[in-house]
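Turn this into a structure:
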Amino acid sequence: MELYNDIALYKLERDVTLTPYIRPICLQVDHTLTASAGLATGWGHTKWEGVGSPILQKVWLDLIDNAKCNKSYGIQIQIPQGVEESKMLCTTGRGVRDTCQGDSGGPLQLPVANPYCMYYQIGVTSFGVECASKFPGVYTRVSHYLPWIEKHVWPNERGSTTPS
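Residues are numbered from 1 along each chain as shown. Just a heads-up that it's a prediction; the model follows:
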């Protein structure tokens, strides 16, 4: 199983009531990131092969370039073309912090001062090797999938495409 296009959308059965603590997230439009770190959140394990957390966890992770990420992973069966910069981005917690089992699908985000949302989602937690290892964490790059997201969220709009 390859790990490209590791993204999904969920349709809620009912509308969400927005509060000061429940707000929408903005999606990163620009492929270029100037930030040096992103905030990952999740309910996953707090250590390798541990148990899920009853409390939402958050961790700041350094963003690293894909060349360094590819050097760490080399050619893997799940990513035969390597970590594709247009579709993926990578982080490191320097062997101390990381996302873990159960965090997949969660957001990698940047804080933003915006009246409509508190964060820009730049990535979706995809995979790594164990937790807080020497290998980078790999995230699906949201900006690449905006046309696909828009096609499914607003299906009556023109100009939408599917991911490639």
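
centroid residue for the chain?
Central residue of the chain (Cα atoms, centre = their mean): residue 124, 1.9 Å from the mean position.

Show me what that residue is bridged to.
residue 107, residue 140 (DSSP bridges).

residues in contact with residue 69?
Contacts of residue 69 were listed using Cβ atoms under 8 Å, 6 or more residues apart in numbering, and they are 83, 88, 90, 136, 138. In this view, the C-beta of every residue, glycine as well, is placed from N, C-alpha and C.

Just the element for it, please.
helix 66-73 (DSSP states H and E).

What are the buried residues along that helix?
By 16 or more other Cβ atoms under 10 Å, the buried positions in helix 66-73 come out as 66, 69, 70, 72, 73.

Backbone dihedrals for residue 144, both of them.
phi -70, psi -30 (degrees, to the nearest 10).

Could you check the pLDDT of the nearest residue to it once chain neighbours are set aside?
Residue nearest to residue 144 in three dimensions, not counting chain neighbours: residue 87, with 5.0 Å by Cβ to Cβ, 6 or more residues apart in numbering. Residue 87 is assigned a predicted lDDT (pLDDT) of 95.

Could you report the neighbour count for residue 87?
Residues contacting residue 87 under the criterion other Cβ atoms under 10 Å number 22.

start at 24 instead
Sure, I'll start numbering at 24, so the last one becomes residue 110.

Determine the three-state secondary structure at the closest residue to residue 49 other than its chain neighbours.
Spatial nearest neighbour of residue 49, excluding adjacent residues (Cβ to Cβ, 6+ apart): residue 140 at 4.2 Å. At residue 140, secondary structure determined by DSSP: H, G, I helix; E, B strand; the rest coil is coil.

any idea how far residue 140 is from residue 120?
25 Å (Cβ to Cβ, to the nearest Å).

Comparing these two, which residue is more hemmed in?
residue 120 (18 against 14).
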